[in-house]
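> This is a predicted model, with the sequence first.
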Amino acid sequence: MNKTAVNAMKGAAVGIAVGTAAYMMSGKSMKPQRKKLKKGVDKAMGTLSNIVDNITYMVK
């Protein structure tokens, strides 16, 4: 993968994080759902971070 693809992955991760934060701040969901969503997003962001790190390592 080249630098453009890695940057695109990082941009997607930021977009997901911003969208999730906006949803959580909207206040339309109930508190238990927010906690469950936050836990799921934390796991997804960790996985995405590992993927980006692995891709970066392979490119070097």
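All right, it came through fine.
> after the strand or helix carrying Met25 comes which helix or strand?
In this structure, Met25 is located in helix 3-26 according to DSSP states H and E. Read in the C-terminal direction, the helix or strand following helix 3-26 is helix 31-59, with elements assigned using DSSP H and E.
> Only the buried residues of that next one, if you could.
Val41, Leu48, Val52 (16 or more other C-beta atoms under 10 Å). Heads up, the C-betas are built off the backbone N, CA and C, glycines and all.
> which helices and strands does it pack with?
Identification of packing neighbours for helix 31-59 by 3 or more C-beta pairs under 8 Å, 6 or more residues apart in numbering; DSSP states H and E yields helix 3-26.
> quick check: angle from the helix it packs on to helix 31-59?
170 degrees (axes from the mean of the first three to the mean of the last three C-alpha atoms, to 10 degrees).
> for helix 3-26, packing partners?
Where contact means 3+ C-beta pairs under 8 Å, 6+ apart, helix 3-26 is packed against helix 31-59.
> Return the per-residue confidence for Gly11.
We have a pLDDT of 81 for Gly11.
> quick one: low-confidence ranges for the protein?
Counting by pLDDT under 70, the ranges of the chain that qualify are 1, 27-31.
> what do you get if the cut-off is 80, keeping everything else the same?
1-6, 8, 20-37, 59-60 (pLDDT under 80).
> follow-up on the earlier one: distance from the chain centre to the helix holding Met25, please.
Average the C-alpha atoms of helix 3-26, do the same for its chain, and the two points are 6 Å apart (C-alpha atoms, centre = their mean, to the nearest Å).
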